[in-house]
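Participant: Give me the fold of what follows.
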Amino acid sequence: MNTLEQRVAKLRKQVHRVEIDLPLLRAEIASGDTAASHFIDRLRIAIDNATGVALLADARLSAPVLAVARSLLESLITTHWASLSDSNSNEIQTVARFESIRLTRNMLTKGRGALINKIDGRDETQRILNHPWTKMAKRPPKIDRMAKESGLEKLYDLIWGVISLLAHGNDTTSLAQQSGLLPASVEAVRTILASIHLIVHNRVREHRPTVANEIEAILNVTTFR
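Facilitator: Numbering: from 1, shown residues only. Model prediction:
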């Protein structure tokens, strides 16, 4: 078994471990704790993404692996920031509920479409734009702001730029010479999934936020110090 195969096997074990724990975590959510439910949903999505990375790695597809890894890293920073306070959690949940409304508002404001009443044919665009829900929809917090406020600024500085460069396909040389790229990316995804799992575990079971040091230990980013 080569290095990539070993890393993929470890990733699948991590996915299986989290999948087993997911329904147990969900069962432990206190009644009415919408924030905990939101974190469980984020963990479920992270499991799906990590499962996809294993399949992509099997096919030796480095570029899409990096694209998913970038998405998971963003989820890690967002989930950690949201778990630090009720205010942060409420902001992320609100953004999640209204994001499609915000995008629709932006398209309508730019004249990319119109909302027409199917019954009488009236143009309802302006009425929808004036609706309070439409006006309150706002952009998600910027990833660099969340990283800084949650103590993960160095993680952002060290990894975000590099992984974005690769995920966007701009560093074609590195993507073409992918001998060591895939194993490292798969291992990064495994540790990111483990970190998100820890954040949700601490929030649901221990009712406490996760400190940055705990995430650093899982990611093994020794250059933090």
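
Participant: For the most centrally placed residue in the chain, what are phi and psi?
Facilitator: Among the residues of the chain, Ser75 comes closest to the average C-alpha position under C-alpha atoms, centre = their mean, at 1.8 Å. In terms of degrees, to the nearest 10, the main-chain angles of Ser75 are phi -60, psi -40.

Participant: Please name the residues that touch it.
Facilitator: For Ser75, the contacting residues are Arg42, Ile45, Ala46, Asn49, Ile192, Ile196, taking C-beta atoms under 8 Å, 6 or more residues apart in numbering as the criterion. (C-beta placed from N, C-alpha, C; glycine too.)

Participant: neighbours around Arg60, how many?
Facilitator: Under the neighbour criterion other C-beta atoms under 10 Å, Arg60 is assigned a count of 10.

Participant: next one: Leu155
Facilitator: For Leu155, the count of nearby residues is 22 (other C-beta under 10 Å).

Participant: In terms of helices and strands, where is it?
Facilitator: Assigning secondary structure by DSSP states H and E places Leu155 in helix 153-155.

Participant: ditto for Gly32
Facilitator: With the criterion set as DSSP H and E, no secondary-structure element contains Gly32; it sits in neither a helix nor a strand.

Participant: For Thr109, see how far away it is.
Facilitator: When distance is defined by C-beta to C-beta, to the nearest Å, Gly32 is 36 Å away from Thr109.

Participant: now do Tyr156
Facilitator: Following C-beta to C-beta, the distance that separates Tyr156 from Thr109 is 31 Å.

Participant: Looking at these two, which has the bigger crowd around it?
Facilitator: Neighbour count, other C-beta under 10 Å: between Tyr156 and Thr109, Tyr156 has more, with 19 against 11.

Participant: quick one: the more buried one and Ala212, what's the gap?
Facilitator: Note on Tyr156: its distance to Ala212, by C-beta to C-beta, is 11 Å.

Participant: so which strand or helix has Ala184?
Facilitator: Of the helices and strands defined by DSSP H and E, Ala184 is found in helix 181-204.

Participant: Identify each buried residue in that helix, please.
Facilitator: 181-183, 185-204 (16 or more other C-beta atoms under 10 Å).

Participant: And for stretch 151-166?
Facilitator: When burial is assessed from 16+ other C-beta under 10 Å, stretch 151-166 yields the following buried residues: Gly151, Leu152, Glu153, Lys154, Leu155, Tyr156, Ile159, Trp160, Ile163, Ser164, Leu166.

Participant: Equivalent analysis for stretch 21-32, please.
Facilitator: Neighbour-count burial for stretch 21-32 flags Leu22, Leu25, Ile29 (criterion: 16+ other C-beta under 10 Å).
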